[in-house]
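Peer 1: The sequence and its predicted three-dimensional model are supplied below.
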Amino acid sequence: MIRLGRLLQTLAVAVMRPDDLIEFSRRFYADPASVKGWSRSDILDEGLAPEEKDLLERSPVRSGRLLLLGVGGGREAIALAREGFQVTGMDFVAGMIESAKANAARRGISISGLVQEISRLDVPDGSHDLAWLSARMYSSIPTRRRRTEMLRRIARALRSGGCFICQFHWEPRRQPPWLCRMHRAVARLTLGHLEFEPGDALLFGNEFLHAFADRALVNEEFSEGGFTALHWIVSDENQSGGAVLQKKDREA
């Protein structure tokens with residue numbers, strides 16, 4: 001019965017449409033306890049994680065206007081502003097934006113903010129030099145179609161030669177085929193997540209997360225979205241991956 005209960009819990013991701021999955025995650029992060037949690041001083045003062053520092057060091061863009069997608073409490077925003085970037089933080093939770101700006105100000109740093117859902121990014125073309133999406137947040141966007149559309153929007157937001165630093169969830173151990181077939185059958189019956197992909201799940205029942213297991217498939221998404229991968233990090237142990245991407249020339 002316990003195993004059956006756990007199986008039924010996994011089916012929740014199949015009955016929700018992509019917009020529902022994003023709203024499900026947004027409500028989790030909009031909870032005041034979540035906003036407060038991401039503003040803890042011990043988190044904010046960690047600065048960039050080692051893999052984030054490595055990705056930044058590999059980027060040919062090291063200054064200018066930076067668009068931080070998913071600002072949270074401001075950990076990355078504060079660290080990147082200290083690196084000399086002019087940071088604009090974006091988040092789909094207004095409370096996160098307010099907290100990040102206040103947290104930065106208490107540390108003598110000024111950042112700006114936009115309340116938007118990152119896969120529906122809408123900023124002026126060519127307005128930024130670098131875009132940043134950390135904490136595996138690339139995996140928080142359901143469906144390949146929506147992710148590649150987000151990439152195109154990010155590419156348009158970058159100047160020629162601009163770069164995008166992106167992190168995602170990496171888990172080579174894939175779901176068994178029978179479970180994927182079950183999810184897809186439930187999605188069809190409920191008119192829910194019709195673009196269900198192997199690796200789609202609700203992390204701890206709180207937020208959507210897509211686990212990648214094939215670097216070639218990730219690279220196809222990046223290329224389709226208008227980027228060339230300059231550098232990769234993939235860790236089976238940490239179940240994390242990241243890449244430094246550069247906007248393709250229009251002629252490419």
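Peer 2: Thanks, I have the structure now. All values derive from a computational prediction rather than experimental measurement. Numbering: from 1, shown residues only.
Peer 1: For the rest of this, base every contact and every neighbour count on C-alpha atoms.
Peer 2: Will do.
Peer 1: Now do the SS call for residue 34.
Peer 2: At residue 34, secondary structure determined by DSSP: H, G, I helix; E, B strand; the rest coil is helix.
Peer 1: Name the nearest residue to it, sequence neighbours excluded.
Peer 2: Using CA to CA, 6 or more residues apart in numbering and skipping residues adjacent in sequence, the residue nearest residue 34 is residue 28, 7.3 Å away.
Peer 1: my guess is that neighbour contacts residue 205, does it?
Peer 2: No - with contacts counted by CA atoms under 8 Å, residue 28 stays clear of residue 205, the gap being 9.9 Å.
Peer 1: what number of residues lie near the residue nearest to residue 34?
Peer 2: Residues lying near residue 28 (other CA atoms under 10 Å) number 16.
Peer 1: do the same with residue 42
Peer 2: 10.
Peer 1: repeat for residue 68
Peer 2: 26.
Peer 1: Show me the beta-bridge partners of it.
Peer 2: residue 89, residue 132 (DSSP bridges).
Peer 1: That one and residue 87: what is the separation?
Peer 2: Shown here: residue 68 relative to residue 87, a distance of 7 Å by CA to CA, to the nearest Å.
Peer 1: so who does residue 133 touch?
Peer 2: 68-70, 164-167 (CA atoms under 8 Å, 6 or more residues apart in numbering).
Peer 1: ok, and the most crowded of these?
Peer 2: Compared across the contacts of residue 133, residue 164 has the highest neighbour count, 28 neighbours, by other CA under 10 Å.
Peer 1: my read: it touches residue 231, true?
Peer 2: No - the pair residue 164 and residue 231 fails to qualify as a contact (CA under 8 Å) at a distance of 11.1 Å.
Peer 1: shared neighbours of these two, anything?
Peer 2: Where contact means CA under 8 Å, 6+ apart, the residues bridging residue 164 and residue 231 through contact with each are 244-245.
Peer 1: now the strands for this protein?
Peer 2: Counting by DSSP state E, the chain has these strands, from start to end: 65-69, 86-91, 112-115, 128-133, 158-169, 200-203, 207-210, 227-235, 240-247.
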